[in-house]
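Undergrad: next come a sequence and a model predicted from it.
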Amino acid sequence: LSRIFYRNKFFHYPLQARNALFGLGVFESIRILASYFRSKLFPAPLEENFEQWVTNRFGRRLYEIFFKTYTEKVWGVPCTTIRAEWAAQRIRGLSLITAIRSALLKTNSQVVKTLIDKFHYPERGPGQMWEMLTDHLRERAYPVLLERPVVRICHGEKRVSHLVTRSPQGEERHEGTDFISSMPIRDLVNALDPPAPEEIRKAANQLRYRDFLIVSLIVNRKDVMPDNWLYIHESRVRVGRIQNFKNWSPAMVPDPNKTCLGMEYFVFENDDLWSSSDEKLIELAKREVASLGLAREDEINDGAVVRVQKAYPMYDDAWSDQVEKVRHYLEEHLPNLQLVGRNGMHKYNNQDHSM
């Protein structure tokens with residue numbers, strides 16, 4: 001179950017017609033439908049940015065209610081500066097009419113990916129997959145080396161020859177015939193030795209990222225909310241999304257009498273939130289979860305903060321040209337180097353696709 005929190009009310013996501021109608025009220029629902037039909041009659045002639053793309057498919061009123069605030073909270077920039085390609089990728093095949101049809105008519109036809117509401121989840125979270133993979137590799141004498149940042153990617157004669165990493169014991173050399181990289185494109189290009197041409201380095205260094213931090217709060221209550229995720233469409237708080245780990249899997253919370261809520265904040269590295277101490281972030285998260293009416297501050301026993309650099313590649317004005325330049329250079333000059341994952345491809349695809 002994922003829901004949207006808007007104006008102190010909960011709205012199901014994917015859309016459920018009855019829930020949306022009664023939650024927004026008849027008058028607001030009429031405004032949404034009128035706005036939708038207006039967008040069909042007078043669509044934006046160009047779909048260059050997120051606002052234009054969504055408004056053409058949902059109408060301006062629904063865009064302002066359920067898209068604008070949350071999207072700008074996620075990206076930290078106006079929706080008019082986010083490329084339409086991101087919307088097309090994230091909300092592919094969905095419009096107001098398809099959402100209503102899906103809510104009212106339970107058919108056996110292919111489900112729009114955005115509306116999928118069932119999938120398998122590892123008992124102890126997605127990280128369990130990589131822990132088990134690591135165990136299997138090590139059992140077969142294939143080393144998995146951690147905490148070794150790549151400092152140089154050495155190449156010549158149209159191939160990567162070896163990597164140099166930094167370990168607690170100093171620099172290490174790793175030779176190979178083929179290499180797979182999930183590191184951010186910007187970091188990869190800057191690590192090339194000899195350096196890439198100036199034009200390629202400039203393109204890579206113009207790529208932008210959105211960073212992320214999560215404040216996990218331990219709530220002294222068996223159940224807090226039925227949701228797996230709660231999307232917070234409220235500008236009065238800075239939290240963007242709240243994850244309820246226990247509802248993904250009971251094994252995620254060792255004490256069945258407690259709940260762990262992940263308060264998710266979308267940030268830029270070194271901004272005021274990123275630079276705040278863990279103690280201040282935990283206090284902020286406690287105040288915000290209380291202001292949303294989900295738990296009282298005195299019910300929260302403890303908290304922990306995890307910061308994630310470059311969590312989301314940004315789709316700003318020139319990202320496509322920049323990525324194309326870098327990819328073309330790498331494919332032509334280093335064919336034994338394969339890029340994968342969100343950062344490796346600078347593509348904001350779903351986590352299961354990245355895996």
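TA: Structure received.
Undergrad: quick one, helices of the stretch 201-350 of the chain?
TA: Ranges of helices within the stretch 201-350 of the chain are 245-248, 272-275, 278-291, 319-333, 341-345, based on DSSP state H, counting those that start in this stretch.
Undergrad: out of those, nearest to residue 200?
TA: Closest of the helices of the stretch 201-350 of the chain to residue 200 is helix 319-333, at 4.8 Å (criterion: C-beta to C-beta). C-betas here are computed from N, CA, C, even on glycine.
Undergrad: number of residues surrounding the closest residue to residue 238 other than its chain neighbours?
TA: Once flanking residues are discounted, residue 238 sits nearest to residue 265: 6.1 Å by C-beta to C-beta, 6 or more residues apart in numbering. Residues near residue 265, counting by other C-beta atoms under 10 Å, number 24.
Undergrad: chain center to the helix or strand that residue 88 is a member of: distance?
TA: Under the criterion of DSSP states H and E, residue 88 resides in helix 84-90. Centre-to-centre, helix 84-90 and its host chain are 13 Å apart (C-alpha atoms, centre = their mean, to the nearest Å).
Undergrad: what about stretch 241-261, how long is it end to end?
TA: Start and end residues of stretch 241-261 are separated by 10 Å (C-alpha to C-alpha, to the nearest Å).
Undergrad: now do stretch 185-203
TA: Span of stretch 185-203 from end to end, C-alpha to C-alpha: 10 Å.
Undergrad: swap in stretch 184-203?
TA: Across stretch 184-203, first to last residue, C-alpha to C-alpha, it's 13 Å.
Undergrad: ok, now stretch 223-231?
TA: 18 Å.
Undergrad: can you list contacts of it?
TA: 1-5, 10, 13, 70, 240-244, 247-248, 259, 261, 294-295 (C-beta atoms under 8 Å, 6 or more residues apart in numbering).
Undergrad: try it again with 7 Å
TA: The contact list for stretch 223-231, computed with C-beta atoms under 7 Å, 6 or more residues apart in numbering, reads 1-5, 13, 70, 241-244, 247-248, 259, 261, 294-295.
Undergrad: where does the protein dip in pLDDT?
TA: Counting by pLDDT under 70, the chain contains low-confidence ranges at 14-17, 21, 89-117, 354.
Undergrad: quick check: longest strand of it.
TA: Criterion DSSP state E: the longest strand present in the chain is strand 300-313.
Undergrad: this completes my enquiry, with thanks.
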